[in-house]
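A.B. asks: Any chance you can model this:
(chains A and B)
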Amino acid sequence: MSAPRRPTDPSGLERYYVLTGGRSGPGGAASSLDVATLVVSRAAPVPGMQHEHEEIVRRCRDPLSVAELTAHLGLPFNILAVLLADLLDAGRIEARDPIPAHHAGRGPDLALLQEVLSGLERL
Amino acid sequence: MDLKGFDHPGDPGAGGTRSVKVMIAGGFGTGKTTMVRSVSDIKPLTTEETLTQATVGVDNLIGVADKAETTVSLDFGKISLNESLMLYLFGTPGQERFWFLWNGLFKGALGAIVLVDTRRLASSFRAIEEMERQNVPFVIALNVFPDSAQHPVEEIRDALDISPHTPIVACDARDRASSRDVLVALIQHLQERSAVALESR
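C.D. replies: Numbering: from 1, shown residues only, chains lettered A, B, ... in the order given. Below is the predicted model of the structure:
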């Protein structure tokens, strides 16, 4: 399998540039990604994927937040968001945004707040 | 709920897991990281952005001599509320001007805890202003340090210039139960707000 050759020991900004192909921010589906958005894989990684893409798909067999991914992969949020956008566009992952207390146009979500409270009281 | 790229809602892969987030704001050295650490189920993690060298030395260190430096990072923890609902807690960077680094950091949050060190009330002014400006519901948590003087709550409310409807609770951010109680106070505050909003429809 001849994957594209990557620079030896890329680090810092140069590494990020390589990872994202020079793109500076996510567009489309990933432009609203939140640090608490849950990411979950839709299928196993496939041969030939970019290493970081594969790593994301592998780690997200169970739902994992974007924040956890940035910490585990050691990537800044904005760089990770670009990679997640690729995977979202390719249909390899799903992303689920955090639930706000007020759903747009639907008013306060009392059932959700009660669920949160019950969970906290069990701690 | 926004389900991006979610073509098969019945797909067991998603497991139906949902997340909510609560922000922990407050001035530099008020105990945000400590609170995240004390209440999290997982070992707290950090997500960093790349402007780390920009402002070392700018923050005021009175009373926080133990904290040598600050970075533009977001400490966070996680609490499993039940099998399918995760609460993520984010300790915001003390430097409010960097909050833009994370996509709409407060958008989509249930609410916020603003930690206040009563020895240095002013250090949390910016955080309170930001919550009000971004319309994020919050409670004030007075983190009681060993040498904190006792102040009547109403005196503190005056000094912080916050509305009579915003709860003020005292806590010890190092203590899990105490930090949990602050979260409970926040959720109860949100319930009250919601009840009022429903009545006024």
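A.B. asks: For the residue in chain B that chain A sits nearest to, identify the helix or strand it belongs to.
C.D. replies: Residue nearest to chain A within chain B: residue B:81 (2.7 Å; CB to the nearest CB). C-beta coordinates here come from the backbone N, C-alpha and C atoms, glycine included. Using DSSP states H and E, residue B:81 maps to strand B:73-82.
A.B. asks: Same check on residue B:109?
C.D. replies: Using DSSP H and E, residue B:109 falls within no helix or strand.
A.B. asks: Thought residue B:23 was touching it, still the case?
C.D. replies: Yes. In terms of CB atoms under 8 Å, residue B:109 counts as a neighbour of residue B:23; the distance is 5.0 Å.
A.B. asks: so residue A:121 sits right up against residue B:183, yeah?
C.D. replies: No. Contact criterion CB under 8 Å: residue A:121 and residue B:183 do not qualify, at 10.1 Å.
A.B. asks: Tell me which of the two has more neighbours.
C.D. replies: Per other CB atoms under 10 Å in any protein chain shown, whichever of residue A:121 and residue B:183 has more neighbours is residue B:183, with 27 against 11.
A.B. asks: Under a three-state scheme, what state does the more buried one occupy?
C.D. replies: Look at residue B:183: counting by DSSP: H, G, I helix; E, B strand; the rest coil, its state is helix.
A.B. asks: How about residue B:174?
C.D. replies: Under the three-state scheme (three-state DSSP), residue B:174 adopts coil.
A.B. asks: do the same with the one 3 residues further on
C.D. replies: Recorded secondary structure, residue B:177: helix (three-state DSSP).
A.B. asks: what's the closest non-adjacent residue to residue B:104?
C.D. replies: Nearest residue to residue B:104, sequence neighbours excluded (CB to CB, 6 or more residues apart in numbering or on different chains): residue A:34, at 7.2 Å.
A.B. asks: nope, residue B:39 is what I meant
C.D. replies: With CB to CB, 6+ apart as the criterion, residue B:39 has its nearest non-adjacent residue at 4.1 Å, and that residue is residue B:179.
A.B. asks: which residues does the one you found contact?
C.D. replies: Residue B:179 is in contact with B:35, B:38, B:39, B:171, B:172, B:173, counting by CB atoms under 8 Å, 6 or more residues apart in numbering or on different chains.
A.B. asks: Save these as a markdown table, and put in distance to residue A:113, neighbour count and pLDDT too.
C.D. replies: Shown next, in a markdown table, are these (distance: CB to CB, whole Å; neighbours: other CB atoms under 10 Å in any protein chain shown; pLDDT from 0 to 100):
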| residue | distance to residue A:113 | neighbour count | pLDDT |
| --- | --- | --- | --- |
| B:35 | 20 | 31 | 96 |
| B:38 | 23 | 20 | 96 |
| B:39 | 18 | 27 | 96 |
| B:171 | 20 | 23 | 97 |
| B:172 | 25 | 21 | 96 |
| B:173 | 23 | 26 | 97 |
